[in-house]
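Enquirer: Kindly generate the corresponding structure for this input.
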Amino acid sequence: MEDDRGKFITIAAGYTDQMNRFLDSNPGLRSRFTKTFHFEDYNPDELLQITLDNLEQSNLKLSEEAKENLITYYNEQYRNRDKNFGNARIVRDLVDKAKQNLLLRKADRDRTKKKVDEQLIILNDIKEIISDEEPSEKYVIKGNREKLESELKELQSLTGLKSVKGSVEKLISSLKVAQLRKQQGLKVMEKSLHAVFVGNPGTGKTTVARILSRIYKELGLLEKGHLIEVDRTGLVAGYQGQTAIKTDEVIQQALGGTLFIDEAYTLSRGTNDFGQEVIDTLLKRMEDYKDNFVVIAAGYPEEMKRFVTSNPGLESRFQNFFTFEDYNGRQLLEISAEIAVQHGYNLDEGALQMMLEIFQHLYSKRDKNFGNARTAKNILYKTISNQEARISQQYEHSKEDLMTIRFEDVEKVKNDLII
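Expert: Numbering: from 1, shown residues only. Down below sits the predicted model:
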């Protein structure tokens, strides 16, 4: 490239991340390749148009029924795409198979004498090609109302979290109204979806984040609605310059969905800490990939407030705060009882009352390390262990014995806790 400068042109092509690493691997590469062309994935409408153009070249058309099913199929493919997404190759393969199926119908016409439009691709010609996917109406770009309602009901069914549920409901209402204004051609104030979840461990932050990401998907705000969960160790590398690459790789996985950063405040430990490199990279990508993914930063209340206010960029991007309150004694009992039923156990009245006393005591003595739902699970598992030890000493036991947790099983847990 240096010796024969001006005599030839080199075009290097490949996947975005790998090509960036390729250019960064040698200073001479970055200085010589000074122009970058980014080829965006074809969206569903473009894929459909490419299909119609391909068929037109063969004097073929697509029936309306086939067209409707095909656009939902392309929506599905597009919203769940990764770096191996085939783009126009998907169209080429589909058109080739559709042509083959049309020829088979023509051949079958000679035998059955059925009338066949020789220039029309119908649904049956592509049905077997797109039928491997789940029904795609729930994945269409505009979302699915029934699926949205289902996600909202799941959120409301969670134990406690009154403040969080109210905040989510208020945010969703705001987003819906914004969409209605947009449809009417009215001005819309841009609303950030990035959020801060503050609360102690075990208060349901990850669970709510997962549901919220799916809600955004069904509102048409996110393409995939998946959740990528990381903490400091999943973002920070051990050497200078490696942290940005590691963070970028995680962000690429989160595109189309939500990046959930647990204990995010640990990224801000000082000016010489690699965590700052994560913050800088994150802020840049939140701008570069605006509307392509959501970031939820989670952690203890006081630590998260200091974290967000420590950087003007963080404060301007994280405008939604959700407070996860500790579960009280009765709510912890509800969580334990629900887990027990899910695993085929029942707590008798005495067991329920004794467990409530334990949870009320633990709640009254709680600090910031209070385990919440994790505490509820642990107490239940210890109780089940006591039940198993009791039953193993019996020579005979019924199905009811195997399923029932009794007062004495819980009492041993209370004695072990010295309450």
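
Enquirer: contacts, neighbours, all on C-alpha from now
Expert: OK.

Enquirer: And the residue nearest the centre of this protein?
Expert: The chain has His226 as the residue nearest its centroid, 1.8 Å off, counting by Cα atoms, centre = their mean.

Enquirer: For that residue, report the pLDDT, please.
Expert: We note a pLDDT of 93 for His226 in this prediction.

Enquirer: What ranges does the stretch 101-250 of the chain have for its strands?
Expert: 120-121, 195-199, 227-230 (DSSP state E, counting those that start in this stretch).

Enquirer: Which positions in the longest one come out as buried?
Expert: It stands for strand 195-199. Neighbour-count burial for strand 195-199 flags Ala195, Val196, Phe197, Val198, Gly199 (criterion: 16 or more other Cα atoms under 10 Å).

Enquirer: can you check the last one too?
Expert: By neighbour count, with 16+ other Cα under 10 Å as the criterion, the buried positions of strand 227-230 are Leu227, Ile228, Glu229, Val230.

Enquirer: With adjacent residues omitted, what lies nearest to the residue nearest to the centre of the chain?
Expert: Excluding its sequence neighbours, the residue lying closest to His226 (Cα to Cα, 6 or more residues apart in numbering) is Gly257, at 4.7 Å.

Enquirer: For the one you found, grab phi and psi.
Expert: Geometry field for Gly257 lists phi and psi as phi -140, psi -140, criterion degrees, to the nearest 10.

Enquirer: Tell me who's in contact with it.
Expert: Ser213, Lys217, Leu222, Glu223, Lys224, Gly225, His226, Leu227, Ile228, Asn292, Phe293, Val294 (Cα atoms under 8 Å, 6 or more residues apart in numbering).

Enquirer: do that again at 7 Å, thanks
Expert: Ser213, Leu222, Glu223, Lys224, Gly225, His226, Leu227, Phe293, Val294 (Cα atoms under 7 Å, 6 or more residues apart in numbering).

Enquirer: CA-only coordinates of stretch 102-110 in PDB, if you can.
Expert: Only the C-alpha atoms of stretch 102-110 are listed here, as PDB (Å, rounded to 0.1, in the frame of the first residue of the first chain):
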ATOM      1  CA  LEU A 102     -44.300 -23.100  -7.700                       C
ATOM      2  CA  LEU A 103     -42.800 -25.500 -10.300                       C
ATOM      3  CA  LEU A 104     -44.000 -28.400  -8.200                       C
ATOM      4  CA  ARG A 105     -47.500 -27.000  -8.200                       C
ATOM      5  CA  LYS A 106     -47.300 -26.600 -12.000                       C
ATOM      6  CA  ALA A 107     -46.300 -30.300 -12.300                       C
ATOM      7  CA  ASP A 108     -49.100 -31.300 -10.000                       C
ATOM      8  CA  ARG A 109     -51.500 -29.300 -12.100                       C
ATOM      9  CA  ASP A 110     -50.900 -31.600 -15.000                       C
END
